[in-house]
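Colleague: Predicted coordinates and the sequence they were generated for:
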Amino acid sequence: EAGVAQSPRYKIIEKRQSVAFWCNPISGHATLYWYQQILGQGPKLLIQFQNNGVVDDSQLPKDRFSAERLKGVDSTLKIQPAKLEDSAVYLCASSLLGGQGIEQYFGPGTRLTVT
Amino acid sequence: GQNIDQPTEMTATEGAIVQINCTYQTSGFNGLFWYQQHAGEAPTFLSYNVLDGLEEKGRFSSFLSRSKGYSYLLLKELQMKDSASYLCAVRRQAGTALIFGKGTTLSVSS
């Protein structure tokens, strides 16, 4: 079975520019997560979708970050404008709906460097 | 707030046994997870505990004590490829996201 796909794998931008990341979850996985992992730390949830609805976006900096999952499958995460402190790996993960699944499957991540 | 603590770094030699501890204080508990993350790669699932006790899976075992807010990951017969970061994570409710600790970087030497 294909895993979680993400693109691009690497991105370098200047501060105040905008950037977008794409994620395609495992087929049949209704729940999708975006995590931010800063170097030397564990992943931190940015937003969780269930199908195309937002379940939790309490830690998403909404003044600059946005995310959507229009058809309940692929998702995009956007940063506009980027700040230096946004330099991190952005991980997408997916899981089966609710209590049906235990494990979250992670994609390879997008490493963002803001200069 | 939510707090998950684990040691920052550990070292061990090939063939040895190492125990990585994790303590947590969270509002709600619906399972404790251990993930392995090699440098530059995505986290991969190792184990899951929701009831007290020991779960064994090959060379890896994980233990949970809910009353103490404590878990450990036990790695036996260490191999060089076990050098990685080990992430402890808690799920507060079914179907919600994981809260991760900062990870423990394990270095295995020959």
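Modeller: That came in fine, so what should we check first? Numbers count the residues shown, from 1 in each chain, chains lettered A, B, ... in the order given.

Colleague: Count the neighbours of the residue of chain B found nearest chain A for me.
Modeller: The nearest approach of chain B to chain A comes at B:Phe100, 3.0 Å away (Cβ to the nearest Cβ). C-beta coordinates here come from the backbone N, C-alpha and C atoms, glycine included. If you count neighbours by other Cβ atoms under 10 Å in any protein chain shown, B:Phe100 ends up with 23.

Colleague: likewise A:Asn52?
Modeller: 14.

Colleague: residues touching it, list them.
Modeller: Residues counted as contacts of A:Asn52 (Cβ atoms under 8 Å, 6 or more residues apart in numbering or on different chains) are A:Arg69, A:Leu70, A:Lys71, A:Gly72.

Colleague: Save these as JSON lines, and put in neighbour count and secondary structure too.
Modeller: Formatted as JSON lines, those follow (neighbours: other Cβ atoms under 10 Å in any protein chain shown; DSSP: H, G, I helix; E, B strand; the rest coil):
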{"residue": "A:Arg69", "neighbour count": "21", "secondary structure": "coil"}
{"residue": "A:Leu70", "neighbour count": "9", "secondary structure": "coil"}
{"residue": "A:Lys71", "neighbour count": "9", "secondary structure": "coil"}
{"residue": "A:Gly72", "neighbour count": "14", "secondary structure": "coil"}
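
Colleague: Return the member of those nearest to B:Leu32.
Modeller: A:Arg69 (27.8 Å; Cβ to Cβ).

Colleague: Surely that closest one is in contact with A:Ile47?
Modeller: No: in this structure, A:Arg69 is not within contact of A:Ile47 by Cβ atoms under 8 Å, at 9.1 Å.

Colleague: what ranges do the strands span in the chain?
Modeller: Chain wasn't specified; assuming chain A. For chain A, the strands defined by DSSP state E occupy A:5-7, A:10-13, A:19-24, A:31-37, A:44-50, A:53-56, A:65-68, A:75-79, A:88-95, A:105-106, A:110-114.

Colleague: my bad, chain B
Modeller: Using DSSP E, the strands of chain B run over B:3-5, B:9-13, B:18-25, B:32-37, B:44-49, B:53-57, B:60-65, B:70-75, B:84-91, B:98-100, B:104-109.

Colleague: got those strands as JSON lines, with mean pLDDT and distance to A:Asp57 columns?
Modeller: Converted to JSON lines, the strands of chain B look like this (pLDDT from 0 to 100; distance: least, Cβ to Cβ, whole Å):
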{"stretch": "strand B:3-5", "mean pLDDT": "96", "distance to A:Asp57": "21"}
{"stretch": "strand B:9-13", "mean pLDDT": "98", "distance to A:Asp57": "33"}
{"stretch": "strand B:18-25", "mean pLDDT": "98", "distance to A:Asp57": "23"}
{"stretch": "strand B:32-37", "mean pLDDT": "96", "distance to A:Asp57": "22"}
{"stretch": "strand B:44-49", "mean pLDDT": "94", "distance to A:Asp57": "24"}
{"stretch": "strand B:53-57", "mean pLDDT": "95", "distance to A:Asp57": "33"}
{"stretch": "strand B:60-65", "mean pLDDT": "98", "distance to A:Asp57": "30"}
{"stretch": "strand B:70-75", "mean pLDDT": "98", "distance to A:Asp57": "28"}
{"stretch": "strand B:84-91", "mean pLDDT": "97", "distance to A:Asp57": "18"}
{"stretch": "strand B:98-100", "mean pLDDT": "95", "distance to A:Asp57": "16"}
{"stretch": "strand B:104-109", "mean pLDDT": "98", "distance to A:Asp57": "29"}
